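Chemist: Let's see this in three dimensions:
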Amino acid sequence: RADAAEEVGEEGKLWLRFLTEVGEVLQGKEVPEELLRDGGVRQAVEMVEAGAYSEGEIATYDAYWDAVSLERTVIGDSIREGIEQGKQIGMVEGKQIGMVEGKQIGMVEGEQIGMEKGERKTKIALAKKMVEAGMDVLQIEELTGLKVSEWMEGNGEGRS
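Modeler: Numbering: from 1, shown residues only. Sure, this is the predicted structure:
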C-alpha cells in the first residue's frame with residue numbers, strides 16, 4: 001500500500017488521503033486544512049458534505065420516492081381502467097346505434113320489397129284483365145313487362 005502511494009505523486013496522495021478520510025467527513029469531523037488547499041479535493045469535500053444525509057433525511061428521501069412510485073402506479077392503473085371502461089361503454093353505445101340503424105335499413109329494404117311485390121301483383125292482375133278483355137298476349141307482355149308464363153301459371157304471387 002505504501003508503494004502505491006509513492007507511485008501516484010503528491011496530487012495522487014491527496015486524493016488517496018481524501019478517499020481514506022471521506023468517511024470521517026460524513027461523520028461530521030473536520031477536514032484537514034492541507035486537503036482543502038487543493039481545489040479539486042475541496043470541491044469533492046463540498047459535494048460529499050452536501051450529499052451527506054442523516055438517517056432521518058435518507059428515510060424521508062426514500063419515503064418520498066416510494067410515494068412518487070406508488071402514485072405513478074396508481075395513476076397508470078387508473079388510466080388503463082378508464083380506457084377499458086371507455087371501450088366497454090363505446091361498444092354498448094355502438095351496438096345500440098347499430099341496432100337502430102339496422103332497423104331503419106331493414107324497414108327501408110322491407111318497404112322496397114313489399115312495394116315490388118305489390119307492383120308485381122298489380123301487373124299480374126292487370127295482365128289477367130287484359131286477357132279477359134281480349135288483348136293480344138304480346139301486347140300485354142310489352143305493356144306490363146311480364147312474360148306470359150309469369151301471369152298464366154296460377155296467380156304468380158310466389159315468384160319474384
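
Chemist: on contacts alone, who are the packing partners of the longest helix seen in the chain?
Modeler: The residue-count maximum for a helix in the chain (DSSP state H) belongs to helix 55-132. Counting contacts by 3 or more C-beta pairs under 8 Å, 6 or more residues apart in numbering; DSSP states H and E, helix 55-132 packs against helix 137-144, helix 148-152. Where C-beta positions appear, they are placed from N, C-alpha and C, glycine not excepted.

Chemist: Could you look up the SS state of the residue of the chain most remote from its centre?
Modeler: The C-alpha centroid of the chain is most remote from Gly134, which lies 73.9 Å away (C-alpha atoms, centre = their mean). With DSSP: H, G, I helix; E, B strand; the rest coil as the basis, Gly134 sits in coil.

Chemist: give me the number of residues near the residue found closest to Leu35 once you drop the neighbours it is linked to in the chain?
Modeler: In this structure, Leu35 finds its nearest non-sequential neighbour in Val41, 5.2 Å apart by C-beta to C-beta, 6 or more residues apart in numbering. Val41 has 19 neighbours, counted by other C-beta atoms under 10 Å.

Chemist: One more: Lys117?
Modeler: 14.

Chemist: Which residue would you name as the spatial centre of this protein?
Modeler: Per C-alpha atoms, centre = their mean, the C-alpha nearest to the average position across the chain is that of Ile83, at 6.9 Å.

Chemist: gap between the residue farthest from the centre of the chain and Ile140?
Modeler: According to C-beta to C-beta, to the nearest Å, Gly134 stands 11 Å off from Ile140.

Chemist: ok, now Ile113?
Modeler: Look at Ile113 and Ile140: by C-beta to C-beta, they are 25 Å apart.

Chemist: who's more crowded, the two?
Modeler: Higher neighbour count among Ile113 and Ile140: Ile140, with 21 against 11, using other C-beta under 10 Å.
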